[in-house]
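Visitor: I'll drop the sequence and a predicted model, then ask my questions.
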Amino acid sequence: MITFIGRKFPTDWDYGLFEEKTIESIINQIERKFPLGNNIVINTTWFLTNEDNENWIKCKNLVESNNNGNVFLLSFVDPAPNPWDLGRILQLFCKFNVYKIGNFSGEFACDWASTILCDRFKKYNEDEIILTDIKYNFLSYSRKPHEHRLALYKKYVENNLLDCGIATLGKGPNHNFDATLDENLNNYVQHGHWYGNAPDGGYSIPHDLFSLGRLDIWQHHFLNIVNETMQNWDLQELMVTEKTFKPLIGLRPFLINGDVRSYQWLRDRGFKTFNHWFPTDNDIIETLLWLKNQPKETIQQLYNSMLPDLKHNRSRFFEFAQEEKLRMENIFDVR
């Protein structure tokens, strides 16, 4: 028996459709692996343990009626629950066998985002994306103006770095910067944007999940600054998103504004990172200031020296995505 609890993204959103298919696959695998068990599947997307939360109430009622079995926590689209909510869930199901699948550490960790990008990402030839004419030392895309993204953007301004690079920041009540590219959001529906021009999308920057954006910008920038979803917080499970995978696909060195554990996560999975190429101890602003003082010819030579690692990352990404797809299709068997 399987009881499903939780919310899902709408299936008319690309991520929602893939989330639905993934959950169906996991449930089918649970049915085969645990045919006689009391199985509870909880999709943790938007899941909170507030006392008035309908899904949390359902969980407590299920435990009251049967306080043992198997509980499967799924995290694919969004980060795993914060430590407070996750702790309450684990405490409630303390007599159950717990399987944490997706954006968790542990035996059943798997990277869902890479499998979606492998399937849906716009196809590019190397000639379209390789750097041959530097116009921008760096490119730093941000949509939602989270605190750590806003803080970095302010440092760009304070250090006069926007005259040698491009940075965006979605509109929001916490800042007055005009930092969008004035793109037509409807042009990005094919690349994952699901709001169109509706005002509830907010931010005035599209969900560009499945492309590198404007090639006239991507082609001519050197260093990609990845403004990840997660900040540095050791208690929170790490989640790596499409933002980190884009420079791997797009042949660019990168630095991460977010959880620094991402660097080791990438290296553990066979990717090359680029911190050691710069004499600045992983500091984004110091690196950009150093680049600002380098001739374009020197930056181009640096890129050319990095190119074997960049090509490795591009090739490795598609291998990795296929490995993760296999893992998710055989979640209880492949290790």
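Guide: It's in.

Visitor: tell me the confidence at the most centrally placed residue in the chain?
Guide: The C-alpha lying nearest the average C-alpha coordinate of the chain belongs to residue 241 (C-alpha atoms, centre = their mean; 1.1 Å). According to the prediction, residue 241 has pLDDT 95.

Visitor: what sits against it?
Guide: By C-beta atoms under 8 Å, 6 or more residues apart in numbering, residue 241 lies in contact with 113, 228-229. Any C-beta I mention is one placed from the backbone N, CA and C, and that applies to glycine too.

Visitor: out of those, who's nearest residue 261?
Guide: Proximity of these to residue 261 was ranked by C-beta to C-beta; the top entry is residue 228 with 10.5 Å.

Visitor: residue 262 is in contact with the closest one, correct?
Guide: Yes - here residue 228 reaches residue 262: they are 6.6 Å apart, a contact under C-beta atoms under 8 Å.

Visitor: shared neighbours of those two, anything?
Guide: Taking C-beta under 8 Å, 6+ apart as the contact criterion, the residues that touch both residue 228 and residue 262 are 240, 244, 256.

Visitor: take the residues you listed and keep only those in helices.
Guide: Judged by DSSP state H, helices contain the following of those: residue 244.

Visitor: weed out the non-buried ones from the shared contacts of residue 228 and residue 262.
Guide: Taking 16 or more other C-beta atoms under 10 Å as the criterion, what is buried in the shared contacts of residue 228 and residue 262 is 240, 244, 256.

Visitor: export these to a markdown table and tack on distance to residue 221?
Guide: What follows is these, written out as a markdown table (distance: C-beta to C-beta, whole Å):
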| residue | distance to residue 221 |
| --- | --- |
| 240 | 21 |
| 244 | 16 |
| 256 | 16 |
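
Visitor: report how many residues lie close to residue 280.
Guide: Residue crowding around residue 280 was assessed by other C-beta atoms under 10 Å; the count is 16.

Visitor: surely it meets residue 291?
Guide: No - with contact taken as C-beta under 8 Å, residue 280 and residue 291 are classed as non-touching, separated by 9.3 Å.

Visitor: so what's residue 81 up against?
Guide: Contacts of residue 81 by C-beta under 8 Å, 6+ apart are 44, 47, 73, 75, 89.

Visitor: my guess is residue 149 contacts residue 228. True?
Guide: No - proximity of residue 149 to residue 228 does not meet the contact threshold set by C-beta under 8 Å, at 9.1 Å.

Visitor: which stretches of the stretch 201-335 of the chain form helices?
Guide: Assigned helices in the stretch 201-335 of the chain, in chain order: 215-218, 242-249, 261-268, 284-292, 296-329 (criterion: DSSP state H, counting those that start in this stretch).

Visitor: hmm, who's touching the first one?
Guide: By C-beta under 8 Å, 6+ apart, the list of residues contacting helix 215-218 from outside reads 128-129, 136, 139, 166, 212, 250.

Visitor: going by neighbour count, which of these comes out on top?
Guide: Neighbour tally across the contacts of helix 215-218 (other C-beta under 10 Å): the maximum, 27 neighbours, falls on residue 250.

Visitor: looking at it, that one is touching residue 224, isn't it?
Guide: Yes - Residue 250 sits in contact with residue 224 when judged by C-beta under 8 Å, with a separation of 7.4 Å.

Visitor: can you tell me the distance between the two ends of stretch 224-240?
Guide: Taking C-alpha to C-alpha, to the nearest Å, the span from the opening residue of stretch 224-240 to its closing residue is 16 Å.
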